[in-house]
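Peer 1: got a predicted structure here, sequence first:
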Amino acid sequence: MTKTNKEIREKLLRKRQKLSKNQKEKLDQKIFKSLIEEIQKKEKNKFIAIYWPIQNEVDTINIIKWLFEHKYHVCIPKIKNNLMYFTEITSIDFESEFWHLMKQTKHNNVVNPNNIQLLIVPMIGFNKNKYRMGYGLNWYNKFLKFNHIPTIGIAYSFQKDEDIIITKNDIKLDKIITEQ
């Protein structure tokens, strides 16, 4: 019996939520090392777009700290009128709570997509062809349809699922990094 994307999404979210803190930290550290190798190939005068982690996603907070320490420009997504855009952040000296971050106005410089050299994308699932499954709202797909930016998806290897149903609106990622 073929599963729907909703069923696959729920299954993968449950798996991710079951990670112990210790397991998650070990996996995140391996992903961090591989991702940093990719980032170091990029220029420092353009932006790295990265997400703020929610619902047990691969932790990006240490990556963001590393980017700041190494003088990269950083931007994070915001949603307005069901469209995604990116705003520059210059520190993470505020509460590390997602909705506070999304509402904060201290760092509200909108970044021109042409100035983004790499987009680091969260995933609930992915397949061998580098298509990702998100939360089903298509924010990244809509953004990438009009903005051709190199992408790296980061996820845990157990999030790979070949049953994910791909649609015409899905955008293939350039690379996927897991702990393996």
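Peer 2: Okay, I see it. Numbers count the residues shown, from 1 in each chain.
Peer 1: in this protein, what helix or strand scores lowest on average pLDDT?
Peer 2: Ranked by mean pLDDT, DSSP states H and E, the weakest helix or strand in the chain is helix 98-103, scoring a mean of 50.
Peer 1: distance of residue 118 from residue 11?
Peer 2: Residue 118 sits 30 Å away from residue 11, going by Cβ to Cβ, to the nearest Å. In short, each C-beta sits where N, CA and C put it, glycine included.
Peer 1: could you check which of the two has the larger neighbour count?
Peer 2: Neighbour comparison, residue 118 and residue 11: the larger count goes to residue 118, with 22 against 15 (by other Cβ atoms under 10 Å).
Peer 1: and that one, how far from residue 75?
Peer 2: 11 Å.
Peer 1: any common contacting residues for those two?
Peer 2: The contact sets of residue 118 and residue 75 overlap at 48-49 (Cβ atoms under 8 Å, 6 or more residues apart in numbering).
Peer 1: how about residue 88, phi and psi?
Peer 2: phi -70, psi 140 (degrees, to the nearest 10).
Peer 1: what pLDDT does it get?
Peer 2: Residue 88 carries a pLDDT value of 91.
Peer 1: now residue 79
Peer 2: With respect to pLDDT, residue 79 has a value of 87.
Peer 1: nearest spatial neighbour of it, chain-adjacent residues omitted?
Peer 2: Nearest non-adjacent residue to residue 79, counting by Cβ to Cβ, 6 or more residues apart in numbering: residue 139, 6.2 Å away.
Peer 1: correct me, but that neighbour touches residue 81?
Peer 2: No: between residue 139 and residue 81 there is no contact under Cβ atoms under 8 Å: 11.4 Å.
Peer 1: those two: which is more packed in?
Peer 2: Legend: neighbour count by other Cβ under 10 Å for residue 139 and residue 81, higher for residue 139 (17 against 5).
Peer 1: wait, isn't residue 126 in contact with residue 157?
Peer 2: No: using Cβ under 8 Å, residue 126 is not in contact with residue 157, being 9.8 Å away.
Peer 1: between these two, which one's more packed in?
Peer 2: Comparing residue 126 with residue 157 by other Cβ under 10 Å, the one with more neighbours is residue 126, at 24 against 13.
Peer 1: could I get stretch 72-91 in CSV with only the CA atoms?
Peer 2: Extracted C-alpha coordinates of stretch 72-91, given in CSV (Å, rounded to 0.1, in the frame of the first residue of the first chain):
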residue,chain,number,x,y,z
TYR,A,72,30.6,35.2,7.3
HIS,A,73,27.4,37.1,6.6
VAL,A,74,24.3,35.2,7.9
CYS,A,75,20.7,35.4,7.1
ILE,A,76,17.6,33.5,8.2
PRO,A,77,14.2,32.9,6.7
LYS,A,78,11.1,34.8,7.5
ILE,A,79,7.6,34.3,6.2
LYS,A,80,5.2,37.0,5.1
ASN,A,81,2.0,36.5,3.1
ASN,A,82,3.0,32.9,2.6
LEU,A,83,6.3,33.8,0.9
MET,A,84,9.8,33.3,2.3
TYR,A,85,12.5,36.0,2.3
PHE,A,86,15.7,36.3,4.2
THR,A,87,16.9,38.8,6.8
GLU,A,88,20.4,39.4,8.0
ILE,A,89,21.3,38.6,11.6
THR,A,90,24.5,39.8,13.1
SER,A,91,24.4,37.9,16.4
